[in-house]
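Trainee: My questions are about this predicted structure, shown below with the sequence.
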Amino acid sequence: MMTFDNIFIALLLTLIAGMATAIGALMAFFTKKGNNHHLSGALGLSAGVMVYVSFMELVPDAVESMEGIVADPKLAMLYVLLSFFGGMALIALIDWLVPEDENPHEVHHSPGTPPDGSRLKRTGIMLALTIGIHNFPEGVATFVSGLEGADIALPIVVAVAIHNIPEGIAVSVPILQATGNRRKAFWYSALSGLAEPVGALFALLFLMPIWTPAVNSVCLAAVAGIMVYIAFDELLPNSEAYGHHHWAIGGVIAGMVIMAFGLLLF
């Protein structure tokens with residue numbers, strides 16, 4: 001069922017999604033501050049894709065897989081629900097363990113006098129570390145979705161990549177302002193994104209040897225929980241922060257519509 005080609009493509013897609021942080025770093029170097037409405041809409045679109053795929057594809061697939069093992073449909077649904085909320089609990093625990101001031105999943109506004117160079121550099125480094133911590137389970141999620149096929153994997157990869165771009169900006173800007181070294185700022189951003197393929201390798205080494213229909217069901221449901229949490233905890237608040245409310249909501253709806261017709265055409 002799981003071929004070398006499936007695994008290789010899933011790893012490659014996870015690497016592409018993780019390296020979007022480097023795109024964010026490049027954008028920070030070569031663009032000026034201005035109208036962020038397009039970024040707001042893009043983050044909303046990413047949230048819409050994640051929520052739609054989670055509830056319309058991943059959870060139903062998890063239920064179908066579990067019902068092939070457990071005779072009682074209600075018991076099968078219970079296992080899927082526990083896995084779904086377990087995925088949410090995992091990413092929420094990571095959020096809780098990371099200090100709020102350094103947490104890239106929290107919306108921060110910083111009016112007033114900018115901090116000194118040493119503090120800016122520390123902020124950038126801490127953001128790189130914490131983004132890496134957050135990206136690890138996202139890498140597992142992207143890899144597992146990649147094993148399900150291109151129709152599910154590609155939209156998730158695009159959604160994850162879109163939301164990684166602002167994280168790359170968040171890492172590179174303070175390091176660049178503190179050191180003036182574009183190369184250093186770029187590599188810190190890129191390295192934080194490498195946590196996603198590391199998460200994929202973890203899934204490959206520790207999940208693939210024990211992969212069964214039950215593990216597949218649990219992982220799909222947990223991935224759905226992680227995606228929904230990221231959409232509501234990070235993407236939507238940041239989408240609102242970058243632009244107007246209607247840009248954010250419009251992006252969410254557009255993401256769901258694109259995903260719905262995209263899956264219909266596959």
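Mentor: Perfect, thanks for sending it.

Trainee: Every contact and neighbour count from this point should use C-alpha atoms.
Mentor: OK.

Trainee: now the helices for the stretch 1-150 of the chain?
Mentor: Along the stretch 1-150 of the chain, counting by DSSP state H, counting those that start in this stretch, helices occupy 4-18, 20-30, 37-53, 59-67, 73-97, 117-147, 150-179.

Trainee: Between those, which one is closest to residue 222.
Mentor: helix 73-97 (4.1 Å; CA to CA).

Trainee: residue ranges with poor pLDDT in the stretch 101-250 of the chain?
Mentor: Applying pLDDT under 70 to the stretch 101-250 of the chain picks out residues 101-124, 126-127, 130, 134, 174, 242-243.

Trainee: Taking the centroid of the protein, which residue is nearest it?
Mentor: residue 160 (4.2 Å; CA atoms, centre = their mean).

Trainee: where does the spatially closest residue to that residue that is not a sequence neighbour sit relative to residue 241, distance-wise?
Mentor: Spatial nearest neighbour of residue 160, excluding adjacent residues (CA to CA, 6 or more residues apart in numbering): residue 17 at 5.9 Å. The gap separating residue 17 from residue 241 is 23 Å, by CA to CA, to the nearest Å.

Trainee: Those two - which one has more neighbours?
Mentor: A direct count of neighbours by other CA atoms under 10 Å for residue 17 and residue 241 places residue 17 higher, at 27 against 17.

Trainee: how many other residues sit next to residue 224?
Mentor: Neighbour number of residue 224 under other CA under 10 Å is 30.

Trainee: was I right about residue 140 contacting residue 196?
Mentor: Yes. The criterion here is CA atoms under 8 Å, and residue 140 meets it with residue 196 at 7.2 Å.

Trainee: more neighbours, the two?
Mentor: Neighbour count, other CA under 10 Å: between residue 140 and residue 196, residue 196 has more, with 31 against 26.

Trainee: contacts for the helix or strand the more buried one falls within?
Mentor: Element membership for residue 196 (DSSP states H and E) is helix 195-206. Residues outside helix 195-206 that contact it (CA atoms under 8 Å, 6 or more residues apart in numbering) are 7, 11, 14-15, 17-18, 132-133, 135-144.

Trainee: Residue 179 versus residue 85, what's the distance?
Mentor: Distance from residue 85 to residue 179, by CA to CA: 42 Å.

Trainee: Would you mind telling me which of these two has more residues around it?
Mentor: Neighbours per residue (other CA under 10 Å) separate residue 85 from residue 179, with residue 85 holding more: 18 against 14.

Trainee: For the residue nearest to residue 160, which residues are in contact?
Mentor: Residue 17 touches 157-158, 160-161, 164, 196, counting by CA under 8 Å, 6+ apart.

Trainee: will you turn the residues you listed into CSV that also has distance to residue 58?
Mentor: Shown next, in CSV, are the contacts of residue 17 (distance: CA to CA, whole Å):
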residue, distance to residue 58
157, 14
158, 16
160, 16
161, 19
164, 22
196, 20
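
Trainee: Residue 229 is nearest to which of the helices of the stretch 1-150 of the chain?
Mentor: Comparing these against residue 229 with CA to CA, the closest turns out to be helix 73-97 (5.8 Å).

Trainee: Spit out the contact partners of the residue located most distally from the centre of the chain.
Mentor: Centroid-distance maximum for the chain: residue 71 at 33.9 Å, with CA atoms, centre = their mean. Residues counted as contacts of residue 71 (CA under 8 Å, 6+ apart): none.

Trainee: Torsion angles phi and psi at it?
Mentor: Note on residue 71: its backbone torsions stand at phi -70, psi -40 [degrees, to the nearest 10].

Trainee: Now residue 69. Its backbone dihedrals?
Mentor: Dihedral angles for residue 69 - degrees, to the nearest 10 - are phi -110, psi -40.

Trainee: Can you check the pLDDT for it?
Mentor: Per-residue confidence (pLDDT) for residue 69: 90.

Trainee: cool, residue 85 as well?
Mentor: Predicted confidence (pLDDT) for residue 85: 97.

Trainee: same check, this time on the one 3 residues further on
Mentor: Confidence at residue 88, expressed as pLDDT, is 93.
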